[in-house]
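[1] I'd like to go over a predicted model; first the sequence, then the structure.
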Amino acid sequence: MSNVLNPNFDYTYDGKLSTEVFIQPAVQNPDITSLFRVVPGINYKQQFNITTPLGKVMKGEQGCGTPVVTGDPVTIENRTVEVCAWEMYLEQCHDTFQSTIMGELLRANVQEPDLVGTQLGNIIGGMVRDTIGRDIFRIFSFGDTSSGDPYYNKCDGLWPKLFAGAASYAVTAVNTNITSLAADDIEGDFNDLWSGADIILKQMDNSQKNFYVTGNAWESLMRKYENITIAGGFTIRIEGGVRVLYYRGIKVIPLYAWDRWIDIDNLGNNVRILYTTPMNHIIGVQEPRTMGNTRFWYDPNTNYNKIRARFKLGYNYLHDKLQAISYGNV
């Protein structure tokens, strides 16, 4: 039997098309303002005055006459937080989307190249702002002036400064050669770090301290907790609907963004544990409320849509004895 109607199209049917874009979730990081102390208003440098407590001053009565001065003097020193300028410049041409289903989202005629305010522009802008947030955390964590990579070498961040402090024996480095992620071994590393920290950090209230760790170390410690019948030094609390692990009463905060950047950019020491008090760490910024802001505009002379961002960011810690680290390659 003959068909009544026979299609004779000059194209292949690809099925129903959509202009909706599903973006793969990225490895997220916490807002740095929720982790450590953020000091705004630094345009270049800021000096922070630090000193040690006054030592013993009382001694036996000296009797009559001019007394000998008692006590040992202390010195006021400084820590410098210098902010460095970071920038982003991106371009997008509309012709990338022509002859595709996404071309249906373009404006018409003379406005066609202008993506600002369109669905495509909003997609691009959202991706860029999300990436800037991750880059801020990357720079704060791993900025390294000794690196040849311009995405890192503008100023020193958290870990390069801690490594430098450990190399000069100012910062306590308990284990610099972690080689195992076995649950028992990682628990041993945590215990050694807890017991090997300076007594000044030890005596601080647990609520004022945290362990900041790579995700792989947190997972190993969690396995240890789940595999023992007696909790020992472990505690699990539900905070905001999320299971939070505590070791010896101190919160353990996994930072999977550390794992991600260490892996992608071959930064080494893929297991890192920092035991510290948040208030000892200074993140200097020019203006925190606008750090993630972008400028997105269309240039009719080139037909390019352009995106720029710029901010200043710097880091330093205050007191050497208020942190202890362990790290290694597994």
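    Great, that's in hand. Residues are numbered from 1 along each chain as shown.

[2] C-alpha only now, for contacts and for neighbours.
    OK.

[3] ok, the helix or strand hosting residue 47: who's next to it in the sheet?
    Using DSSP states H and E, residue 47 maps to strand 45-50. Note on strand 45-50: by DSSP bridges, its sheet partners are strand 77-82 (antiparallel).

[4] I'd like the mean pLDDT over the strand it pairs with, please.
    The average pLDDT for strand 77-82 rounds to 94.

[5] who touches the strand holding residue 47?
    Contacts made with strand 45-50 from outside it, assessed by C-alpha atoms under 8 Å, 6 or more residues apart in numbering, are listed as 76, 77, 78, 79, 80, 81, 82, 83, 318, 319.

[6] how many other residues sit next to the last one?
    When counting by other C-alpha atoms under 10 Å, one arrives at 15 neighbours for residue 319.

[7] Quick one: residues contacting it.
    50, 280 are the contacts of residue 319 under C-alpha under 8 Å, 6+ apart.

[8] Can you tell me how far it is from residue 199?
    In this view, residue 319 and residue 199 are 13 Å apart by C-alpha to C-alpha, to the nearest Å.

[9] now the contacts of strand 45-50: which count as buried?
    Among these, those scoring as buried are 80, 81, 82, 83, 318 (criterion: 16 or more other C-alpha atoms under 10 Å).

[10] Spell out the residue ranges of the strands in this protein.
    In the chain, the strands defined using DSSP state E lie at 37-39, 45-50, 77-82, 84-93, 172-175, 210-213, 234-239, 242-247, 250-254, 271-276, 281-285, 295-299, 304-317, 323-328.

[11] between those strands, which gets the lowest average pLDDT?
    When I compare the strands of the chain, strand 234-239 is least confident, with a mean of 79.

[12] Just checking: what are the partner strands of that one?
    Within its sheet, and counting by DSSP bridges, strand 234-239 is paired with strand 242-247 (antiparallel).

[13] Give me the contacts around the partner strand.
    Under C-alpha under 8 Å, 6+ apart, the answer for strand 242-247 is 222, 233, 234, 235, 236, 237, 238, 251, 252, 253.

[14] I'd like to know which of those are buried.
    Buried members of the contacts of strand 242-247, counted by 16+ other C-alpha under 10 Å: 222, 234, 235, 236, 251, 252, 253.

[15] about what we covered before: between strand 281-285 and the strand holding residue 47, find me the angle.
    Using axes from the mean of the first three to the mean of the last three C-alpha atoms, to 10 degrees, the direction of strand 45-50 lies 160 degrees away from that of strand 281-285.

[16] Just the helices from this protein, written as ranges.
    119-142, 158-167, 183-196, 199-202, 215-226, 256-264 (DSSP state H).

[17] How about the fourth one, which residues are buried there?
    Right, helix 199-202. Buried residues in helix 199-202 (16+ other C-alpha under 10 Å): 201, 202.

[18] out of the helices of the chain, deepest packed?
    helix 215-226 (a mean of 20; mean count of other C-alpha atoms under 10 Å).

[19] helices and strands around it, which ones?
    With contacts taken as 3 or more C-alpha pairs under 8 Å, 6 or more residues apart in numbering; DSSP states H and E, helix 215-226 sits against helix 183-196, strand 250-254, helix 256-264, strand 271-276.

[20] thinking again about what came up before, would you turn the strands of the chain into CSV with distance to residue 148?
    As requested, those are exported to CSV (distance: least, C-alpha to C-alpha, whole Å):
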stretch, distance to residue 148
strand 37-39, 28
strand 45-50, 24
strand 77-82, 20
strand 84-93, 16
strand 172-175, 26
strand 210-213, 26
strand 234-239, 41
strand 242-247, 37
strand 250-254, 28
strand 271-276, 23
strand 281-285, 23
strand 295-299, 28
strand 304-317, 19
strand 323-328, 22
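
[21] do you know which of those strands lies nearest residue 136?
    strand 304-317 (8.1 Å; C-alpha to C-alpha).

[22] Give me the buried positions along the closest one.
    Buried-residue list, strand 304-317, by 16+ other C-alpha under 10 Å: 304-307, 309-317.
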